[in-house]
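*Asks:* structure, please.
(2 chains)
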Amino acid sequence: MMPPFSYVLVLSAILFGLGVVCVAVRRNLIMILIGVEIIINAAGLAFVAGSLRWNMPDGQIFVLFLAAMAASEVSVGLAMIVYLHRRKKTVNIDHFDEMKG
Amino acid sequence: MNAIIFYLLSAAAVFSTLMAISRRELIHAVVYLVLSFFSLGLIFFMMGAPLIAALEVLIYAGAIMVLFLFIVMMLEMGAAKIPLTPFWKVWGPAVVIAAVILFSMSLLFLGTPQTPLSPMTAFISPRQFGQALYTKYYLAVEAASLLLLFALVGALYLGKRDNP
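*Replies:* Got it, this is the predicted structure:
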């Protein structure tokens, strides 16, 4: 027997919270991107759980689109990080607090 | 039985995510995150989504995390001042999590016939998945392909050496 739907949602919520904490607390640009990845995965877990709960493939299809979105977000984000690192030789977000670098 | 495997896997996922967001060295964080994605993929497999489980391992644990590792090593932010700590202190938690994941994976795949492996209440086969994807959501597939193309162009533009 699978555990009830609500337990899966609780796991998803815990992972989501951990991702939000990672985004909010860490001062490293790469760790912030990793936090966004954790958040997207938690959302995908909720989608798959809903797909199982209502026996429809739609939730799983949205996880596929989430993966496409995460891949494009990470590629552009990492390219921006490389660009910023080339400019200021750091990836600490405290050094990026002015508009004209 | 399945519930126990689910609890084991979710504990592994939460613990490895916790370790990932609290590591100081980025490479360790990325490796812990790979473990977290593996356990999430197994949970997806248990919940009747074998294709999504495979994609989770291929795309997230395979492609995206390797991209992170590549950038971390390219910018030379890791390994600069890692103190010489004992072997088990660095790798102990990761080995424990990996053992838990392997144990539950073997339970899932080698289940006895009486206790059928991953008896989903609902099971969406890759055929059903593809049929729904390319009939009901074909416009979204086009939009996703455009999104990936734009991301490729944007990354190429940002990565140009002689950027103003």
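*Asks:* use CA for all of it now, contacts and neighbours both
*Replies:* Noted.
*Asks:* contacts for stretch A:17-35 next, please.
*Replies:* Contacts with stretch A:17-35, where a contact means Cα atoms under 8 Å, 6 or more residues apart in numbering or on different chains, come from A:36-39, A:74, A:77-78, A:81, A:91-94, B:17-18, B:21, B:26, B:68.
*Asks:* list the buried residues for it?
*Replies:* A:17-20, A:22-23, A:26, A:28-35 (16 or more other Cα atoms under 10 Å in any protein chain shown).
*Asks:* what is the end-to-end distance of it?
*Replies:* End-to-end distance of stretch A:17-35 (Cα to Cα, to the nearest Å): 10 Å.
*Asks:* after the longest helix seen in chain B comes which helix or strand?
*Replies:* Looking across chain B with DSSP state H, the single longest helix is helix B:87-109. Once helix B:87-109 ends, the next helix or strand along the chain (criterion: DSSP states H and E) is helix B:126-135.
*Asks:* mind checking how far residue B:153 is from chain A?
*Replies:* 9 Å (Cα to the nearest Cα, to the nearest Å).
*Asks:* number of nearby residues for that residue?
*Replies:* Residue B:153 has 13 neighbours, counted by other Cα atoms under 10 Å in any protein chain shown.
*Asks:* next: residue A:53.
*Replies:* Around residue A:53 there are 15 other residues, counting by other Cα under 10 Å.
*Asks:* can you check residue B:8 too?
*Replies:* 18.
*Asks:* contacts for the helix or strand hosting it?
*Replies:* Element membership for residue B:8, per DSSP H and E: helix B:2-22. Residues outside helix B:2-22 that contact it (Cα under 8 Å, 6+ apart): A:1-3, A:11, A:14-15, A:18-19, A:22, A:31, A:35, A:38, B:28-33, B:35-37, B:39-40, B:42-43, B:46, B:94, B:97, B:100-101, B:104, B:118.
*Asks:* how big is the angle separating the helix or strand following it from helix B:87-109?
*Replies:* Reading on from helix B:2-22 to the C-terminus, the next helix or strand found by DSSP H and E is helix B:26-46. In terms of direction (axes from the mean of the first three to the mean of the last three Cα atoms, to 10 degrees), helix B:26-46 departs from helix B:87-109 by 10 degrees.
*Asks:* now the next helix or strand after helix B:26-46: how far from the chain's centre is it?
*Replies:* Per DSSP H and E, the first helix or strand lying C-terminal to helix B:26-46 is helix B:50-55. Centroid displacement of helix B:50-55 relative to its chain, using Cα atoms, centre = their mean, to the nearest Å, is 11 Å.
*Asks:* quick one, domains of chain B?
*Replies:* B:2-122, B:125-164 (automatic domain parsing).
*Asks:* close to chain B, is the longest helix along chain A?
*Replies:* Longest helix in chain A, counting residues (DSSP H): helix A:58-88. Yes: Helix A:58-88 comes into contact with chain B (Cα under 8 Å from any Cα of the partner chain), by way of A:58, A:60-61, A:63-65, A:67-69, A:71-76, A:78-80, A:82-83, A:85.
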